[in-house]
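**Student:** Turn this into a structure:
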Amino acid sequence: MAKPATIKIKLESTADTGYFYVTKKNPRKQTEKITMRKYDPVARKHVEFKETKIK
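**Tutor:** Numbers count the residues shown, from 1 in each chain. Modelled structure (predicted):
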């Protein structure tokens, strides 16, 4: 069987709250790590989220 084109990644908050989002990305098309500004409900503001591996 072929491997799936997308992999699951974890977007972890840089505000050190421990909050994270789980999303997918296609590593063939997007080779660099993802950084996004998203809402952190623990910090109650928009902060930068950086890609980490799911363990």
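**Student:** In terms of helices and strands, where is the residue most central in space within the chain?
**Tutor:** For the chain, the residue whose C-alpha lies nearest the mean C-alpha position (CA atoms, centre = their mean) is Leu11; its distance is 2.2 Å. Assignment of secondary structure by DSSP states H and E places Leu11 within strand 7-13.
**Student:** Check Thr31 too.
**Tutor:** Take DSSP H and E as the rule and Thr31 turns out to sit in neither a helix nor a strand.
**Student:** List the backbone torsions phi and psi for it.
**Tutor:** Note on Thr31: backbone dihedrals following degrees, to the nearest 10 are phi -90, psi -30.
**Student:** Give me the pLDDT value at it.
**Tutor:** pLDDT recorded at Thr31 is 93.
**Student:** what does Lys55 give?
**Tutor:** 82.
**Student:** okay, now it: neighbour count?
**Tutor:** Close neighbours of Lys55, defined as other CB atoms under 10 Å, add up to 4. C-beta here means a position set from N, CA and C on the backbone, and glycine is covered the same way.
**Student:** Repeat that for Ser13.
**Tutor:** Neighbourhood size, Ser13 [other CB under 10 Å]: 20.
**Student:** Same question for Lys50.
**Tutor:** Counted with other CB under 10 Å, residues neighbouring Lys50 total 14.
**Student:** So it is in contact with Leu11, correct?
**Tutor:** Yes - contact status for Lys50 versus Leu11: in contact at 6.9 Å, counting by CB atoms under 8 Å.
**Student:** so what sits against both of these two?
**Tutor:** Overlap of the contact sets of Lys50 and Leu11 (by CB atoms under 8 Å, 6 or more residues apart in numbering) consists of Ile34.
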